[in-house]
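K.L.:
predicted coordinates and the sequence they were generated for:
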Amino acid sequence: MVLEKPSPVVPVADRSYLYKFQRLSAWSGFLVMAVVGVCFFMLSKVQPPIDPEWTAEHVKEWMVDNRTGILWTTVICSFIIPLEYFFVVTTSWQMRRIEGCWGFLSMNQAFMGVVAPIGFMYPMFIISAAAYRAEERSAEILQLFTDLFYFSYVGFAFIFSVQCVVLGIAVLIDKRSKPVFPRWYAYLNFILAVVLAPGAFVFVFTSGPLAWNGLFAFWIPCLAYTVWKVATPLLLLKAVDSEVEEAKEGPIPVVV
C-alpha cells in the first residue's frame, strides 16, 4: 500500500497589502498629471505650445530664455513620471476583475499603458538635448529639435485614444449588479478617445485648430485629459472598495 504524501500548504499573503497599494497607485496618476502640468506650464513653459510658424531665431531666443526650466523639468519628470506605471497597473487590475482573468481588454490596457510614461519622457529628452547647449547651437538645429518635441508630444496622443476605447468597452461589458466602474465612465473614455485623435494631424498643419497649438489638437484634448485624470483616481478608489466587499462575501477564485 502506497501512501500519498499530502500536498504542502502554500501560505497566501495578506491581501490587505493589495488594497493599500491600489489606493496609493490610484492617486499616483493624478500626482503625475499635477506635477507634469506645473512643470510644463510654469517651469519649462513648453505649454501652451509655441507657435509652429515662429522663425528659427525666435525659437532659439525662447529656448535660451527657458533653458534652465526645460532641463530641470526633465530632472523632476525623471523621478515623477515612473509613478504612472502604478496607475496603469491598478487600472488594468480593475479591468481584470471585469473580465474575470487577464483577458484581451485588460492586457491591451496594460501593454498600451506601458507606453504612457514614454509619451511624456521621450519628448522631454529631445528638447533637453537641444536646450543643453542652446547658446552654442544654430537656430535651425534648435528649431528642428523643437519640431521633434511637439510632434512626439502632441502627435503621439492617438495611441491613448485606443487605450480609452479599450477601457470604455470593458466598462460596458461589466454585467455584475455592482459594476466596477459606473456606465458614464465608458462614455467619458469614448469622448476622450475622439478628442485626442486630432493630434495625429499636427504633422501637416502649421496654423489653425489642427496645428500643435490649436484648439482641436491641443486645448480641447488637454481639458478632456485633465477631467479624465481627476475622475479616474476617484473611480479607482471606489473600485478598490468594491473589491474589498467582494472579498468579504466569499473566497476569491484563483484565475490564471
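P.N.:
Cool, got the structure.

K.L.:
burial measure for residue 211, as a count.
P.N.:
Close neighbours of residue 211, defined as other CB atoms under 10 Å, add up to 22. (C-beta placed from N, C-alpha, C; glycine too.)

K.L.:
got the contact list for it?
P.N.:
52, 202, 205, 217 (CB atoms under 8 Å, 6 or more residues apart in numbering).

K.L.:
redo that, cut-off 6 Å
P.N.:
Contacts for residue 211 (CB atoms under 6 Å, 6 or more residues apart in numbering) come out as 52, 205.

K.L.:
just the helices in this structure please.
P.N.:
16-38, 56-65, 67-80, 84-99, 104-132, 139-154, 158-173, 183-196, 220-249 (DSSP state H).

K.L.:
most neighbours per residue, which of those helices?
P.N.:
helix 84-99 (a mean of 22; mean count of other CB atoms under 10 Å).

K.L.:
not counting sequence-adjacent ones, nearest residue to residue 244?
P.N.:
residue 19 (5.7 Å; CB to CB, 6 or more residues apart in numbering).

K.L.:
scratch that, residue 132 is what I was asking about
P.N.:
In space, residue 132 is closest to residue 71, 6.8 Å off (CB to CB, 6+ apart).

K.L.:
pLDDT below threshold where in the stretch 51-200 of the chain?
P.N.:
The model of the stretch 51-200 of the chain has no residue with pLDDT under 70.

K.L.:
mind redoing it with 80?
P.N.:
116, 157-158 (pLDDT under 80).

K.L.:
look up how far residue 168 lies from the residue nearest to residue 244.
P.N.:
25 Å (CB to CB, to the nearest Å).

K.L.:
ok, now residue 218?
P.N.:
For residue 218 relative to residue 168 (CB to CB), the value is 23 Å.

K.L.:
let me see the contact set for the nearest residue to residue 57 once chain neighbours are set aside.
P.N.:
With CB to CB, 6+ apart as the measure, residue 139 is the residue that lies nearest to residue 57, at 5.0 Å, once sequence neighbours are left out. Contact partners of residue 139, counting by CB under 6 Å, 6+ apart, are 56, 57, 60.
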